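Novice: Compute the structure for the input listed below.
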Amino acid sequence: MSTSKTGTFLGIPYDFRRPTRARLRERLWNPTDRRLFTPKVFGAGLDVNFYELFRRLGLVRRS
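Specialist: Numbering: from 1, shown residues only. From the prediction side, this is the model:
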């Protein structure tokens with residue numbers, strides 16, 4: 001049986017690769033992604049795309 005460092009388990013995403021700056025930005029502050037919740041940068045579960053949260057609250061505007 002092979003184990004993967006990324007994927008889903010029972011519908012919950014996981015990513016056990018070492019976090020990178022690019023992945024942090026992609027998941028936590030991404031103006032091009034309309035999802036509010038993105039897969040965790042490291043671990044299992046979901047992170048918040050703070051750009052999308054702030055956009056929905058009217059604190060930032062799409063450029």
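
Novice: Can you list phi and psi of residue 42 for me?
Specialist: Taking degrees, to the nearest 10, you get phi -150, psi 130 for the backbone angles of residue 42.

Novice: Relative to residue 61, how far out is the closest residue to it other than its chain neighbours?
Specialist: Using CB to CB, 6 or more residues apart in numbering and skipping residues adjacent in sequence, the residue nearest residue 42 is residue 19, 4.8 Å away. Every residue, glycine included, has its C-beta placed from N, CA and C. Distance, residue 19 to residue 61, using CB to CB, to the nearest Å: 29 Å.

Novice: before we move on, what about residue 22?
Specialist: Relative to residue 61, residue 22 is positioned 24 Å away (CB to CB).

Novice: Repeat that for residue 6.
Specialist: Computed with CB to CB, the distance linking residue 6 and residue 61 is 33 Å.

Novice: before we move on, back to that, neighbours around the residue nearest to residue 42, how many?
Specialist: Other residues within reach of residue 19 by the criterion other CB atoms under 10 Å amount to 13.

Novice: quick one: low-confidence ranges for this protein?
Specialist: Low-confidence segments of the chain, defined by pLDDT under 70, are located at 1-2, 63.

Novice: Break down it into its strands, ranges please.
Specialist: Listed in chain order, the strands of the chain (DSSP state E) span residues 6-9, 12-15, 37-39, 43-44, 46-48.

Novice: What pairs with the second one, parallel or antiparallel?
Specialist: When you say that, I think you mean strand 12-15. Taking DSSP bridges as the criterion, strand 12-15 sits next to strand 6-9 (antiparallel), strand 43-44 (antiparallel) in its sheet.

Novice: Could you identify which of those is most buried?
Specialist: Looking across the strands paired with strand 12-15 with neighbours counted as mean count of other CB atoms under 10 Å, the highest average goes to strand 43-44: a mean of 13.

Novice: so how far is that strand off the chain centroid?
Specialist: Remark: strand 43-44 is offset 11 Å from the chain centroid, using CA atoms, centre = their mean, to the nearest Å.

Novice: now swap in stretch 43-63 and tell me
Specialist: Computed by CA atoms, centre = their mean, the separation of stretch 43-63 from the middle of its chain amounts to 10 Å.
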